[in-house]
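Chemist: Sequence first, predicted coordinates after that:
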Amino acid sequence: MYWDVVLSQLHYLIPEESKHGTFVGRIAQDLGLDIGEINSRMLHIVSRDEKEYFQVNLQNGILFVKETIDREVQCPNTPFCIIPLQVIVDKPVQMYRVDVEIEDINDNSPVFSSSVNDLLILEGRPAGSRFPLKVAADPDLGTNSITNYELSASDYFTLDFQKYVNQIKSLELVMKKSLDREKQSVHNLTLTAYDGGKPRLSGTTHIIVNVEDFNDNAPVFDQPFYQCSVNENADEGTLVFKLNATDLDEGINGEIQYRFSNMVSGEANEAFLLDKYTGQITVKGKLDFETIDMYEIQVEAIDNGDFKLVGHCKVLVTVVDANDNPPEMLVTSLSVPVPENSPQGTTVAIISVRDKDSGSNGKVHCYISEPSPFKVNPAFMSDFSLTVNGPLDREVKDEYEITITARDEGSPSLSTSKTLKIDISDINDNAPRFIQTEKTIFIKENNPPGSHIYTASAFDPDIGQNSFITYSIMERTVDEIPISSYISINPENGKVFALVSFDHEQIAYFQWTEEQVIPQGVILNSAYKVRLMKNIVCGLFKNHI
């Protein structure tokens, strides 16, 4: 693991609806960062959400709320609301993972989809008959969500509900005794839903029961509850399930048609089609596991009697995930150019990858498509780091285009790629070199002082300031006279000039050493030997690195 990239993880907890400026945590202190360096190291927060809910005070290192968060908007239908943050500092690049959990508060009352519900019940139906009611909705969680229902006092009806994982998913009106339309044709009931928060909040709806007679047998399904599944990439018309209901009546009173209950959600109506004659449920629209992974559908079987009798059942349709989402890749930090002397393991970029699919379909691997001196390493959860994995030499190659591919483990596998341009910056790692390794110089005696006698030429493969060359002659003596009394060199262009008029009879031979210097101090010495004759000066020199 590359702990130099992702060093630690913090977890903070704040209640939803916290106002701007609310203290979240001492993030700099908790991460072990010096308060004095968080400005110079350019500490910043990266969030996958478009809104920036949090901010760090760079004076004291405290993380605080920047924008009010509504948990029900931020994390609908999710038991845990986590906002992941990446805390990144530069010089060197380091990343920290911080999770801020948004705690639910009881800020929503239970709400029924309709203020009035009409029920049609045939007289003579036996005690114990059940009629499903649509539950109320409360986006709060746990005890802040709906924990109880109460029905107004009635001699004929009571309420029954069951809890699944501490949540009330099924609500039914139960007859305590048979109805007599001639005695009472309408029953007015009030249904109240309560949550368990403090203070306790509630919502109500009115139930109007109309009592009808005739046609005394309602259709009955062979099961009250069905479970089935369908692939999210199933084509339109694919069979999901076939229902079966029977009616003990004869003739027209025993003919059955199927329909979705008016309590079925709009999403289920858009996704599935129910054949009213056969009871077959087929795919109608496009399914998306990432949007809805389960549908709970109420189905009614209605006979064709003068007064329609209805049988009820539930169908739970589970959507099976398909690999229909390619990974999404985001480069959250890119440190370029990269110095050519960067050691192996140096972090160049931080890459975040996520896949909306689940299971193997959402498990992603990240790699570089072509050979290069760089490598992608897993950092933390869905984050990866791009690091140096081999020697860099700007004089050989000064730019790389790296194609990074993220591929999931689904079947068929899906992938996405991103190309990064990485420039290599120069360091002073090359000494100057002379163009010629050996040279003989001839000059005539009695030359005019200031005569140009030779031009030294060297080159350096580095660039910029690293390639600027300065020429000089090392001090030495000829017959106890400094060499600088005889010759001089232009430090910028390497031209050598005679300072005196040479007399062969007085001096026939001398030698000097020349230096080439670049700003960082890489020096190359060259030795020159010059011999003076009657009318010609001859010199021999060699280069020494």
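Modeler: On my side now, so go ahead.

Chemist: The stretch 151-300 of the chain: helices as residue ranges?
Modeler: 266-271 (DSSP state H, counting those that start in this stretch).

Chemist: brain fart, the stretch 401-545 of the chain
Modeler: According to DSSP H, counting those that start in this stretch, the stretch 401-545 of the chain contains no helices.

Chemist: for it, which spans come out with low pLDDT?
Modeler: Scanning the stretch 401-545 of the chain with the threshold set as pLDDT under 70 gives 437-439, 508-545.

Chemist: how about a cut-off of 90?
Modeler: By pLDDT under 90, the weakly predicted segments of the stretch 401-545 of the chain are 408-412, 426, 428-447, 450, 453-489, 491-494, 496, 498, 500-545.

Chemist: Strands of that one, start to end?
Modeler: 415-425, 433-434, 438-443, 452-455, 458-459, 470-474, 477-478, 481-482, 487-489, 495-498, 509-517, 523-532, 537-544 (DSSP state E, counting those that start in this stretch).

Chemist: again, but for the stretch 151-300 of the chain
Modeler: Under DSSP E, counting those that start in this stretch, the stretch 151-300 of the chain gives strands at 157-164, 167-175, 186-195, 202-212, 220-221, 225-231, 239-242, 245-246, 256-260, 272-274, 280-283, 294-303.

Chemist: Then the stretch 1-150 of the chain?
Modeler: Under DSSP E, counting those that start in this stretch, the stretch 1-150 of the chain gives strands at 6-15, 23-25, 44-47, 54-57, 62-65, 82-89, 94-103, 116-122, 130-133, 146-151.

Chemist: count of neighbours near the closest residue to residue 197 other than its chain neighbours?
Modeler: In this structure, residue 197 finds its nearest non-sequential neighbour in residue 106, 2.7 Å apart by C-beta to C-beta, 6 or more residues apart in numbering. For every residue, glycine as well, the C-beta is placed using N, CA and C. The local packing of residue 106 (other C-beta atoms under 10 Å) involves 19 other residues.

Chemist: before we move on, what about residue 453?
Modeler: Neighbours of residue 453 (other C-beta under 10 Å): 17.

Chemist: Which residue is the nearest non-sequential neighbour of residue 297?
Modeler: Setting aside the residues directly before and after it, residue 297 is nearest to residue 315 in space (C-beta to C-beta, 6+ apart), at 4.5 Å.

Chemist: Give me the secondary structure label for the one you found.
Modeler: strand (DSSP: H, G, I helix; E, B strand; the rest coil).

Chemist: where does the stretch 151-300 of the chain dip in pLDDT?
Modeler: Ranges of the stretch 151-300 of the chain meeting pLDDT under 90: 161-170, 179-185, 195-200, 211-218, 247-254, 262-266, 290-291.

Chemist: Just to check, residue 110 is in contact with residue 200?
Modeler: No: Residue 110 is beyond contact range of residue 200, at 10.1 Å (criterion: C-beta atoms under 8 Å).

Chemist: any common contacting residues for those two?
Modeler: Common neighbours of residue 110 and residue 200 (criterion: C-beta atoms under 8 Å, 6 or more residues apart in numbering): residue 194.

Chemist: what about the two, which has more around it?
Modeler: residue 110 (24 against 14).

Chemist: where does that one land on pLDDT?
Modeler: On pLDDT, residue 110 comes in at 91.

Chemist: Compute the distance between it and residue 135, please.
Modeler: Distance, residue 110 to residue 135, using C-beta to C-beta, to the nearest Å: 9 Å.

Chemist: joint contacts of those two?
Modeler: 146, 193.

Chemist: Let me see the contact set for the nearest residue to residue 41 once chain neighbours are set aside.
Modeler: In space, and not counting its chain neighbours, residue 41 is closest to residue 89: 4.2 Å by C-beta to C-beta, 6+ apart. When contacts are counted by C-beta under 8 Å, 6+ apart, residue 89 is found next to 33, 38, 41-44.

Chemist: can we see that at 10 Å?
Modeler: 7, 28, 31, 33, 37-38, 40-44, 95-96, 333 (C-beta atoms under 10 Å, 6 or more residues apart in numbering).

Chemist: Could you identify the buried members of those residues?
Modeler: Burial by neighbour count, 16 or more other C-beta atoms under 10 Å: within the contacts of residue 89 this picks out 7, 28, 31, 33, 38, 41, 43, 95-96, 333.

Chemist: If we go by neighbour counts, what in stretch 12-23 is buried?
Modeler: By 16+ other C-beta under 10 Å, the buried positions in stretch 12-23 come out as 12, 14, 16, 18.

Chemist: First-to-last residue distance for that stretch?
Modeler: 10 Å (C-alpha to C-alpha, to the nearest Å).

Chemist: same question, stretch 386-393
Modeler: First-to-last residue span, stretch 386-393, C-alpha to C-alpha: 18 Å.

Chemist: Sort out which residues of that stretch are buried, please.
Modeler: Neighbour-count burial for stretch 386-393 [16+ other C-beta under 10 Å]: 386-388, 392.

Chemist: What of stretch 469-476?
Modeler: 469, 471-473.

Chemist: Distance to residue 240 added to those residues, as a markdown table?
Modeler: Formatted as a markdown table, those follow (distance: C-beta to C-beta, whole Å):
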| residue | distance to residue 240 |
| --- | --- |
| 469 | 80 |
| 471 | 87 |
| 472 | 89 |
| 473 | 94 |
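
Chemist: and residue 339, bridged to which residues?
Modeler: Per DSSP bridges, the residues bridged to residue 339 are residue 425.

Chemist: Check the burial of residue 136 by counting its neighbours.
Modeler: Residue 136: 24 neighbours (other C-beta under 10 Å).

Chemist: starting at the chain centroid, how far to stretch 487-500?
Modeler: 63 Å (C-alpha atoms, centre = their mean, to the nearest Å).

Chemist: Please disregard the earlier target; I meant stretch 195-215.
Modeler: 44 Å.

Chemist: Could you chop this structure up by domain?
Modeler: Split into domains by automatic domain parsing, the chain comes to 6-103, 116-320, 328-425, 433-544.

Chemist: for residue 101, what are its contacts?
Modeler: Here residue 101 is in contact with 11-14, 71, 80-83 (C-beta under 10 Å, 6+ apart).

Chemist: Greatest separation within these: which pair is it?
Modeler: Greatest spatial distance among the contacts of residue 101 (C-beta to C-beta): 11 and 71, at 16.3 Å.

Chemist: the more surrounded of the two?
Modeler: residue 71 (22 against 11).
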